[in-house]
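1. Fold the following for me, if possible:
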Amino acid sequence: MVKAIWNGAEIAKSDNTIIVENSQYFPKSDVNKDFLKESDYHTTCPWKGLASYYTLEVDGKNNVNAAWYYKEPKEGAEVVTDRIAFWKGVEIVVE
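-> Down below sits the predicted model:
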């Protein structure tokens, strides 16, 4: 089981994560969407494509652009489809 925790809240919990480039990608269905706020921020990965971001909001605190996903990954990167990864102080706990 893998958990993503920030500001004392369990943001995600799954036994079906995958590791891509040292990041745990959680199925969207295993992420608590109550903590996610859409962001206008985007980056581009040469092989995965355009990344979109969420800001985490827990107990009135924000962690800006701390979660990312690929809405339409490039060919060859389909493994990250419908998955979310975290950074910026989000603790990843593997049990």
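2. all contacts plus neighbour counts: C-alpha atoms, from now on.
-> Noted.
3. Centroid-nearest residue for this protein?
-> Ala85 (2.5 Å; Cα atoms, centre = their mean).
4. excluding its backbone neighbours, what's nearest that one?
-> Leaving aside its sequence neighbours, Ala85 sits nearest to Tyr25 (Cα to Cα, 6 or more residues apart in numbering; 4.5 Å).
5. Next, give phi and psi for Pro73.
-> Pro73 adopts backbone torsions of phi -60, psi 150, taken as degrees, to the nearest 10.
6. Would you enumerate the residues in contact with it?
-> Shown in contact with Pro73 (Cα atoms under 8 Å, 6 or more residues apart in numbering): Lys48, Gly49, Leu50, Val80, Thr81.
7. Does the last one touch Trp68 like I think?
-> The one in question is Thr81. No - the pair Thr81 / Trp68 is not scored as a contact, 11.5 Å apart, by Cα atoms under 8 Å.
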